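[1] what follows is a predicted protein model with its sequence.
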2 protein chains.
Amino acid sequence: MNSRLIAAALVGALTFTTSRACAADPLPSWNDGKAKQSIITFVEKVTKQGSPDFVPGPERIAVFDNDGTLWAEQPMYFQVLFIFDRIEELAPQHPEWKDKEPFASVLKGDVKAALAGGEHAIMEMAMATHAGMTTEEFEKIVKDWIATAKHPVTKRSYTEMVYQPMLELLAYLRENGFKTFIVSGGGIEFMRVWTEKVYGIPPEQVVGSSIKTKYELRDGKPVLVRLPEINFIDDKDGKPVGINQHIGRRPIAAFGNSDGDLQMLEWTTAGQGPRFGLIVHHTDAEREWAYDRESHIGRLNQALDEAPKRGWVVIDMKRDWKLIFPFQK
Amino acid sequence: MNSRLIAAALVGALTFTTSRACAADPLPSWNDGKAKQSIITFVEKVTKQGSPDFVPGPERIAVFDNDGTLWAEQPMYFQVLFIFDRIEELAPQHPEWKDKEPFASVLKGDVKAALAGGEHAIMEMAMATHAGMTTEEFEKIVKDWIATAKHPVTKRSYTEMVYQPMLELLAYLRENGFKTFIVSGGGIEFMRVWTEKVYGIPPEQVVGSSIKTKYELRDGKPVLVRLPEINFIDDKDGKPVGINQHIGRRPIAAFGNSDGDLQMLEWTTAGQGPRFGLIVHHTDAEREWAYDRESHIGRLNQALDEAPKRGWVVIDMKRDWKLIFPFQK
């Protein structure tokens, strides 16, 4: 075999590998249809060298909301369930909570009463459970909780309640040179503890809401202390602000599920060149939950009206997804 | 030639390529000596699979100050020179500046008087030149300026006044699986315009000081408007805060040149496992500038005292660097 033949054999082997990769379905949990096809068409056109829609690798930024887009958010945002668990855990150190709302209601197991105080009550509980420790201590608290806590309905770990079709989509985008980011209203340091393991998204690619921190030397050892003061709310019109602050360039694709994602979708898809916007519509009361315009959690109303006008794809979970959670395989 | 021989030939070719890469000096502009050797020793030990000091790829985070560490900062921070140029440019629209300090002094060319108002005066000038436009408009302003402005002493473009040995260091770290970040007191949106081209550092890996932005729809088109209000100062004890906010994990290597980098160096090198801290000491009055403890720009005093106690390498620019700027080649 001469060198030309060796080269030919190598090219053959490479071609064979490539063809096989192309032939395999990158999104096996998605039913064939318009939604799935629109994703594949977008990815193929922005990655095709020489095409007028080609986007260079570094500009292939894709942003994903988390609650209701990558993992479930019913019967309540999982981070709120974390807050409730922390309040029970910390109650012995806070005897005053027995007579103080919203803590008293949480300790009585009356979630509805605990949340009756609205955003103010949630913020008070968030600060009582998310501040006052170092960043390393908080990381350990979340790590321990996420490893053991179970969802009240499915009795599964929260990290099992991620959407299999979205995991496939994340992997498919990354295989095609995209950098995937989370842009969520959830706490940035709450998510970063587990996003790398669960979604393959490293801490530096997580954008979220945050409280302020303070640098201190404790016995000569540097720590960052978490303060009971809001730094940034990464929701609604905060999402484009957070994207600009963290990423510094406009994404070419955005994935959300609620009105909290409206501005992120607007900002992403108003950019020049090929853009992609997608909304996950929760339509499957049997395998997951069905909710939209009237829901208190993950309300999808204005963004659902905007979608057809702006060319955003709306996923019908019941129709478009073969399965929802990995454990349904 | 049978398949076993082909395989052997391929392995041979690969080995040959690898050996050549190893043999080439990754830091040719660094003089041989302790400083250069300490960098290579660190990189080799954290990348050697199976070694007790091995650090997995995703955790190889290296942070670099910018002013005085990657590019020069004399006779004044380059962003302050940008501010002065902008004030001259905008003066026709601001007739009131003729009689208003610090603007009046800038327009008279009296830099010393303009800066006599200290931090307050600089902040006022920064807001007048950095806010009031969209993020896209500001990007264009910086892009145009950096493409044409010249350094007052060398008459070179500012992007030519980067340190060749540091460019080699950035590339060397990245070749070894490090993710390189800028963590600078400079404006995040001022730097992001040119860091990818000049340093190979993409916008999402730039951490800096920032002003607030606001999301707006203008005739249905989304924009982010820059507001004259500080969002974050990424200097001194703000640096570990900014690192935590943006990166979400502790770097294993930090590179700075002034007391503004002290806390970043402390925070980085106090972590568990192998850590590396380095200070660029400006000692070369002939090829660059010589300054440290008494300088108003890039003062290096406390961090210079801390370096030997904490095991940080101090680079003597005059002794350790074969050349400073790429144009001296």
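    Happy to help now that I have it. Numbering: from 1, shown residues only, chains lettered A, B, ... in the order given.
[2] does the helix or strand harbouring A:Leu167 reach chain B?
    Per DSSP states H and E: A:Leu167 is located in helix A:164-175. No - counting by C-beta under 8 Å from any C-beta of the partner chain, chain B has no neighbours in helix A:164-175; the shortest distance is 13.6 Å. From N, CA and C alone the C-beta is placed, and that goes for glycine too.
[3] got the phi and psi for the residue in the stretch 51-200 of chain A that chain B sits nearest to?
    Closest approach between the stretch 51-200 of chain A and chain B, counting by C-beta to the nearest C-beta: A:Arg192, at 4.6 Å. As for A:Arg192, its main-chain torsions (degrees, to the nearest 10) stand at phi -60, psi -20.
[4] do A:Val280 as well
    phi -90, psi 120.
[5] list the contacts of it.
    By C-beta atoms under 8 Å, 6 or more residues apart in numbering or on different chains, the residues touching A:Val280 are A:68-69, A:163, A:166, A:255-257, A:315, A:317.
[6] those in helices, which ones?
    A:166, A:317 (DSSP state H).
[7] emit the PyMOL select command for whichever of the contacts of A:Val280 are buried.
    Listed next is the PyMOL selection for buried residues among the contacts of A:Val280, using 16 or more other C-beta atoms under 10 Å in any protein chain shown:
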select buried, chain A and resi 68+69+163+166+255+256+257+315+317
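[8] gap between stretch A:164-171 and the chain center?
    12 Å (C-alpha atoms, centre = their mean, to the nearest Å).
[9] go on, stretch A:239-248?
    15 Å.
[10] restrict the helix holding A:Leu167 to CA atoms and write it as CSV.
    Extracted C-alpha coordinates of helix A:164-175, given in CSV (Å, rounded to 0.1, in the frame of the first residue of the first chain):
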residue,chain,number,x,y,z
GLN,A,164,-34.8,14.6,28.1
PRO,A,165,-35.5,16.4,24.8
MET,A,166,-33.8,19.5,26.1
LEU,A,167,-30.8,17.6,27.2
GLU,A,168,-30.5,16.2,23.7
LEU,A,169,-30.9,19.7,22.3
LEU,A,170,-28.1,21.1,24.5
ALA,A,171,-25.8,18.3,23.4
TYR,A,172,-26.7,18.8,19.7
LEU,A,173,-26.0,22.5,19.8
ARG,A,174,-22.7,22.0,21.6
GLU,A,175,-21.7,19.3,19.0
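[11] A:Thr213: neighbour count?
    22 (other C-beta atoms under 10 Å in any protein chain shown).
[12] mind checking the SS state of it?
    With DSSP: H, G, I helix; E, B strand; the rest coil as the basis, A:Thr213 sits in strand.
[13] contacting residues around it?
    A:135, A:224-227, A:231, B:241, B:244-245.
[14] dump the contacts of A:Val280 to CSV, plus pLDDT.
    Converted to CSV, the contacts of A:Val280 look like this (pLDDT from 0 to 100):
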residue, pLDDT
A:Gly68, 98
A:Thr69, 98
A:Tyr163, 98
A:Met166, 98
A:Phe255, 99
A:Gly256, 98
A:Asn257, 98
A:Ile315, 98
A:Met317, 98
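[15] so for the residue of the stretch 51-200 of chain A closest to chain B, what's the pLDDT?
    Per-residue pLDDT puts A:Arg192 at 98.
[16] need the nearest residue in space to it, chain neighbours excluded.
    Nearest residue to A:Arg192, sequence neighbours excluded (C-beta to C-beta, 6 or more residues apart in numbering or on different chains): A:Pro203, at 4.1 Å.
[17] what does A:Val223 give?
    Per C-beta to C-beta, 6+ apart, closest to A:Val223 is A:Thr134, 4.4 Å.
[18] ramachandran angles for the one you found?
    Dihedral angles (degrees, to the nearest 10) for A:Thr134: phi -80, psi 160.
[19] what's the local residue count around A:Pro58?
    A:Pro58: 13 neighbours (other C-beta under 10 Å).
[20] who touches the residue nearest to it when sequence neighbours are not counted in this structure?
    Counting by C-beta to C-beta, 6+ apart, B:Pro202 is the residue found nearest to A:Pro58 once chain neighbours are left out, at 5.6 Å. Going by C-beta under 8 Å, 6+ apart, B:Pro202 touches A:58, B:195-196.
[21] do the same with A:Ala72
    Contacts of A:Ala72 (C-beta under 8 Å, 6+ apart): A:78, A:151, A:161, A:163, A:288-289.
[22] chain B contacts on the stretch 51-200 of chain A?
    Counting by C-beta under 8 Å from any C-beta, the stretch 51-200 of chain A sits next to chain B at A:58, A:61, A:135, A:179, A:188-189, A:192, A:196.
[23] which of the residues you listed count as buried?
    A:61, A:135, A:179, A:188-189, A:192, A:196.
[24] how about low-confidence regions in the stretch 1-150 of chain A?
    In the predicted model, the stretch 1-150 of chain A carries pLDDT under 70 at residues A:1-23.
[25] all strands for it, in order.
    A:61-64 (DSSP state E, counting those that start in this stretch).
[26] before we move on, back to that, looking at the buried ones among the residues of the stretch 51-200 of chain A next to chain B, which is nearest A:Ser295?
    Set against A:Ser295, the nearest of those by C-beta to C-beta is A:Ile188 (24.4 Å).
[27] and that closest one, what is it in contact with?
    Contacts of A:Ile188 by C-beta under 8 Å, 6+ apart are A:206-210, A:234, B:245, B:248.
[28] who are the neighbours in contact with the residue lying closest to A:Lys36 once chain neighbours are set aside?
    Nearest non-adjacent residue to A:Lys36, counting by C-beta to C-beta, 6+ apart: A:Trp30, 4.2 Å away. Going by C-beta under 8 Å, 6+ apart, A:Trp30 touches A:36, A:39, A:165, A:168, A:320-322.
[29] equivalent analysis for A:Lys212, please.
    So A:Lys212 contacts A:226-227, A:229-231 (C-beta under 8 Å, 6+ apart).
[30] what do you get if the cut-off is 6 Å, keeping everything else the same?
    A:227, A:229, A:231 (C-beta atoms under 6 Å, 6 or more residues apart in numbering or on different chains).
[31] a markdown table for those residues, including secondary structure, distance to chain B and neighbour count?
    As requested, the contacts of A:Lys212 are arranged in a markdown table below (DSSP: H, G, I helix; E, B strand; the rest coil; distance: C-beta to the nearest C-beta, whole Å; neighbours: other C-beta atoms under 10 Å in any protein chain shown):
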| residue | secondary structure | distance to chain B | neighbour count |
| --- | --- | --- | --- |
| A:Leu227 | strand | 10 | 15 |
| A:Glu229 | strand | 13 | 11 |
| A:Asn231 | strand | 8 | 16 |
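[32] can you lay out those as a markdown table showing pLDDT?
    Listed next are the contacts of A:Lys212 as a markdown table, based on pLDDT from 0 to 100:
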| residue | pLDDT |
| --- | --- |
| A:Leu227 | 98 |
| A:Glu229 | 97 |
| A:Asn231 | 97 |
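[33] just put those in a markdown table and tack on distance to B:Ile297.
    Shown next, in a markdown table, are those (distance: C-beta to C-beta, whole Å):
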| residue | distance to B:Ile297 |
| --- | --- |
| A:Leu227 | 32 |
| A:Glu229 | 33 |
| A:Asn231 | 30 |
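[34] which one of the contacts of A:Thr213 is nearest to B:Ala303?
    After measuring those against B:Ala303 - C-beta to C-beta - the closest member comes out as B:Val241, at 17.9 Å.
[35] good, wrapping up.
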